[in-house]
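Undergrad: Return a 3D structure for these sequence lines:
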Amino acid sequence: MFSLFKYKTPTTHAQEFEDRYIFLNLKQVKSLSITLLFIALLVRIIGTIYHQELASLPRIENYNLSNILQIIGSTGFVLLSHFAIKWQGSKKVWRNFVILLFVMHLLLITFSISYIYSSHNLKNTLTVFLVGIIVASIFFTLKFKHALSITGFILLLSLTGALVSEIDFGQKLANLIAGTILAFVFYSCSRYTYFLRSQQFTQIKQLEEKNREIEKLNREKSEILGFVAHDLRSPLNNIEALSTLVLAEGQESGTTELQLILASAQHAKDIINDLIEVVQEKKPDFKKEDIDLVSYLQHVCNTWQANVDKSRKINFFTNDAELFASINTSKFSRVVDNLIGNGIKFSATETPINIELVPNKEHCDISIRDYGIGIPEELKKLLFDQFSKAGRVGLNGEKSMGLGLHISREIIELHGGTLKVESKEHEGTTFTISVPRIERY
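TA: Residues are numbered from 1 along each chain as shown. Alright, predicted model coming up:
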């Protein structure tokens with residue numbers, strides 16, 4: 001309890017916290033001074049309209065004087081707080097002085113109202129003064145020495161009120177005790193308000209620092225992966241090129257081994273390309289062009305047919321002579337190749353891969369269907385995750401990092417389209433790419 005009364009914001013965040021809440025306190029000064037001015041003017045208007053009726057009320061002159069001082073004081077604080085907020089060069093000491101002065105003004109107004117209404121015997125009614133104390137302690141974030149100063153001011157008001165009142169000593173003592181209790185209430189509430197806001201501010205700043213550390217670690221991880229991937233890609237390109245060259249020259253010796261080397265190099269290069277795609281923070285420009293999907297997909301299918309086992313058929317179906325869409329050909333080819341490659345990986349050699357292009361009103365749907373092992377129901381929801389746990393070993397032992405479908409979906413979404421999957425175990429899988437259609441006249 002006593003540690004709360006002396007609580008201070010941790011040094012690492014103290015300066016920032018103070019700067020933040022000086023500004024917020026000034027905004028509270030402006031809002032509350034406008035409110036007080038409005039109330040005082042409203043009371044003045046009512047008093048003017050019903051002057052004769054109110055003239056007979058006891059201590060009306062005291063209320064009248066208090067009202068005039070409230071109008072003058074509130075107007076002054078509206079102007080002071082406005083300039084203190086707008087003038088960024090104003091010193092911290094000056095801003096704190098305006099805040100403390102207003103809190104004292106607020107307490108003085110509420111004290112005077114309670115003092116007048118209670119016939120100069122404050123213990124008879126403390127309601128308005130108590131409201132002022134609660135408002136001051138909750139609406140303003142005051143550090144230790146400022147809260148202590150205001151506590152002293154409350155005690156001073158109570159002592160002055162008790163001394164100038166024409167009441168006996170017992171009543172004066174009761175007033176002083178009541179004032180001491182109110183001063184303690186203010187100090188307790190003010191310290192608790194400061195503690196809560198300081199703790200909240202400190203926790204937010206600590207979270208921001210942790211987030212910055214996490215972002216830094218992610219950037220470093222991405223940089224390391226990027227460096228490794230780039231450094232590995234060059235020797236793998238050489239292995240792939242040399243293996244292709246030797247195979248092209250028709251050397252029979254070691255042909256099977258060369259084909260395995262070539263397949264492994266191509267697989268490793270695919271993994272590296274996927275890693276580079278994932279870790280890139282600044283993606284290259286995504287340029288698109290209008291192309292005929294019919295001829296484009298026909299060419300893709302012909303290329304695949306020329307490079308797969310002769311018993312495998314890559315079929316293309318469409319009822320249209322031309323269908324246009326705006327795509328990035330290199331990125332889009334990567335998606336189509338990945339989906340066809342997956343179909344080959346998870347289906348028997350004698351089964352076909354069917355690619356069908358179907359137009360609708362606003363989109364072109366490209367379905368890529370295999371007749372392989374299918375996807376279990378529990379893996380479907382993980383299929384498009386980065387480094388997905390849905391990645392499985394192909395029928396010929398091909399491995400997957402779980403990046404291909406994640407990257408494919410991102411590429412299709414960049415085209416303004418969607419990538420969906422339908423699958424049944426032991427019956428096959430169909431991936432459907434939907435991209436916006438372009439009408440050509």
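
Undergrad: got any ranges where the stretch 301-441 of the chain has weak pLDDT?
TA: Within the stretch 301-441 of the chain, the stretches falling below the threshold (pLDDT under 70) are 386-403, 440-441.

Undergrad: Give me the buried positions along the strand or helix carrying residue 435.
TA: Of the helices and strands defined by DSSP states H and E, residue 435 is found in strand 428-436. Within strand 428-436, the residues that count as buried by 16 or more other CB atoms under 10 Å are 428, 429, 430, 431, 432, 433, 434, 435. From N, CA and C alone the C-beta is placed, and that goes for glycine too.

Undergrad: Can you lay out the residues you listed as TSV showing distance to residue 287?
TA: Compiled in TSV, the buried residues of strand 428-436 are given as follows (distance: CB to CB, whole Å):
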residue	distance to residue 287
428	35
429	31
430	30
431	25
432	25
433	19
434	21
435	15
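
Undergrad: now, the most widely separated pair of the residues you listed?
TA: Between all members of the buried residues of strand 428-436, the longest pairwise span (CB to CB) is found for 428 and 435 and amounts to 23.0 Å.

Undergrad: thinking again about what came up before, check which strands are paired with the strand holding residue 435 and give the direction for each one.
TA: strand 363-370 (antiparallel), strand 418-424 (antiparallel) (DSSP bridges).

Undergrad: Now find how far off-centre that strand is within its chain.
TA: For strand 428-436, the distance between its averaged C-alpha position and the chain's averaged C-alpha position is 33 Å (CA atoms, centre = their mean, to the nearest Å).

Undergrad: One more: stretch 292-308?
TA: Taking the mean C-alpha point of stretch 292-308 and that of its whole chain, the gap between them comes to 44 Å (CA atoms, centre = their mean).

Undergrad: Output it as CSV, nothing but the C-alphas.
TA: Taking only C-alpha atoms (Å, rounded to 0.1, in the frame of the first residue of the first chain), the coordinates of stretch 292-308 have been written out as CSV:
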residue,chain,number,x,y,z
ASP,A,292,-4.9,-16.1,-74.7
LEU,A,293,-5.3,-18.8,-72.1
VAL,A,294,-6.2,-21.4,-74.7
SER,A,295,-2.9,-21.3,-76.6
TYR,A,296,-0.9,-20.6,-73.3
LEU,A,297,-2.3,-23.8,-71.6
GLN,A,298,-2.0,-25.8,-74.8
HIS,A,299,1.7,-24.9,-74.9
VAL,A,300,2.2,-25.8,-71.2
CYS,A,301,0.6,-29.2,-71.7
ASN,A,302,2.7,-29.9,-74.8
THR,A,303,5.8,-29.1,-72.9
TRP,A,304,4.9,-31.4,-70.0
GLN,A,305,3.9,-34.2,-72.4
ALA,A,306,7.3,-34.0,-74.0
ASN,A,307,9.1,-34.4,-70.7
VAL,A,308,7.1,-37.1,-68.8
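
Undergrad: Can you tell me the number of residues neighbouring residue 109?
TA: By the measure other CB atoms under 10 Å, the count of residues near residue 109 is 22.

Undergrad: how far away is the residue of the chain most remote from its centre from residue 320?
TA: Distance from the centre of the chain peaks at residue 168, with 63.5 Å (CA atoms, centre = their mean). According to CB to CB, to the nearest Å, residue 168 stands 106 Å off from residue 320.

Undergrad: again, but for residue 128
TA: Here residue 128 is placed at a distance of 83 Å from residue 320 (CB to CB).

Undergrad: Please say which of these two ends up with more neighbours.
TA: Set side by side, residue 128 and residue 320 show more neighbours around residue 128, with 18 against 12, by other CB under 10 Å.

Undergrad: Go ahead and confirm residue 314 touches residue 352.
TA: Yes: under the criterion of CB atoms under 8 Å, residue 314 makes contact with residue 352 at 7.2 Å.

Undergrad: Of the two, which one has the most company?
TA: Regarding residue 314 and residue 352, a neighbour count based on other CB under 10 Å identifies residue 314 as having more, with 20 against 14.

Undergrad: still on that earlier bit, hey, C-alpha coordinates of the strand holding residue 435 in PDB?
TA: As requested, C-alpha coordinates have been extracted for strand 428-436 and formatted as PDB (Å, rounded to 0.1, in the frame of the first residue of the first chain):
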ATOM      1  CA  GLY A 428      -7.900 -38.100 -57.000                       C
ATOM      2  CA  THR A 429      -7.700 -34.400 -56.600                       C
ATOM      3  CA  THR A 430      -8.800 -31.400 -58.500                       C
ATOM      4  CA  PHE A 431      -7.300 -27.900 -58.100                       C
ATOM      5  CA  THR A 432      -9.300 -25.100 -59.600                       C
ATOM      6  CA  ILE A 433      -7.700 -21.700 -60.500                       C
ATOM      7  CA  SER A 434     -10.200 -18.900 -61.100                       C
ATOM      8  CA  VAL A 435      -8.900 -15.600 -62.600                       C
ATOM      9  CA  PRO A 436     -10.700 -12.600 -64.000                       C
END
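
Undergrad: Quick one: the helices in the stretch 51-200 of the chain, in order.
TA: Along the stretch 51-200 of the chain, the segments classed as helices by DSSP state H, counting those that start in this stretch run 51-54, 60-86, 92-117, 127-139, 144-164, 169-248.

Undergrad: what about residue 193, neighbour count?
TA: By other CB under 10 Å, the residues close to residue 193 number 18.

Undergrad: Relative to residue 33, how far out is residue 102?
TA: Taken as CB to CB, the spacing of residue 102 relative to residue 33 amounts to 7 Å.

Undergrad: which residues are in contact with both of those two?
TA: Residues touching both residue 102 and residue 33 by CB atoms under 8 Å, 6 or more residues apart in numbering: 77, 81.

Undergrad: neighbour count winner among these two?
TA: Set residue 102 next to residue 33 and count neighbours by other CB under 10 Å: residue 102 wins out with 26 against 23.

Undergrad: what's the spacing between the more buried one and residue 79?
TA: The span separating residue 102 from residue 79 equals 12 Å under the rule CB to CB.

Undergrad: What is the three-state secondary structure of residue 426?
TA: Three-state call for residue 426 (DSSP: H, G, I helix; E, B strand; the rest coil): coil.
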